[in-house]
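Engineer: predicted structure and sequence below. I'll ask about it afterward.
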Amino acid sequence: QVRLVESGGGLVQAGGSLRLSCAVSGRASSSYAMGWFRQAPGKEREFVAAITRSGGMTEYTDPVKGRFTASRDNAKNTMYLQMNSLKPEDTAVYFCAADALFSRVVGGSPTADHWGQGTQVTVSS
């Protein structure tokens, strides 16, 4: 059974940086396209970033473009989200997702097969 575990969240001041990790177990991460989503209190889960199986292509939601970078190391079965210039509006629980199809880990309808439990990111002003 595939399991995704996020880590790296925490409390940071505005303008600071965090790097989230998503570790994949149960199957090689190279089998999956992967994505990052977030959910703030009282809001719906929203797409943040996605990366293809090889890591050759990424997509981002407009509010994080130029600040966040998704990457992966398939040898370590891990995906990352480097978050720079953090803003208070980035505060949310961040989830990683995995699916065989890139289309299911990108965009406004998160229909991926596999999800992590989430990690809290809090950005103070």
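Structural biologist: Thanks, I have the structure now. Numbers count the residues shown, from 1 in each chain.
Engineer: go through stretch 52-66 and flag the buried ones.
Structural biologist: Neighbour-count burial for stretch 52-66 flags T52, R53, T58, E59, Y60, T61, V64 (criterion: 16 or more other CB atoms under 10 Å). For every residue, glycine as well, the C-beta is placed using N, CA and C.
Engineer: ok, stretch 98-117 next?
Structural biologist: Quick answer for stretch 98-117 (16+ other CB under 10 Å): A98, D99, F102, R104, V105, V106, P110, A112, H114, W115, G116.
Engineer: tell me where the model's unsure across this structure.
Structural biologist: The chain contains residues with pLDDT under 70 at 109.
Engineer: any idea which helix or strand carries the residue positioned nearest the centre of it?
Structural biologist: Residue closest to the average C-alpha location in the chain (CA atoms, centre = their mean): W36, at 2.3 Å. Element membership of W36 [criterion: DSSP states H and E] is strand 33-39.
Engineer: what is the subsequent helix or strand relative to that strand?
Structural biologist: Remark: after strand 33-39, the chain's next helix or strand is strand 46-51, criterion DSSP H and E.
Engineer: right, and the helix or strand after that next one?
Structural biologist: Next along the chain after strand 46-51, taking DSSP H and E as the criterion, comes strand 58-60.
Engineer: so what does the next helix-or-strand element following that following strand touch, helix or strand wise?
Structural biologist: Downstream of strand 58-60, the first helix or strand assigned by DSSP H and E is strand 68-73. Contacts defined by 3 or more CB pairs under 8 Å, 6 or more residues apart in numbering; DSSP states H and E place strand 68-73 against strand 33-39, strand 46-51, strand 58-60, strand 78-83.
Engineer: dump those into JSON lines; add distance to S17 as well.
Structural biologist: JSON lines is the format used below for the helices and strands packed on strand 68-73 (distance: least, CB to CB, whole Å):
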{"stretch": "strand 33-39", "distance to S17": "15"}
{"stretch": "strand 46-51", "distance to S17": "15"}
{"stretch": "strand 58-60", "distance to S17": "16"}
{"stretch": "strand 78-83", "distance to S17": "6"}
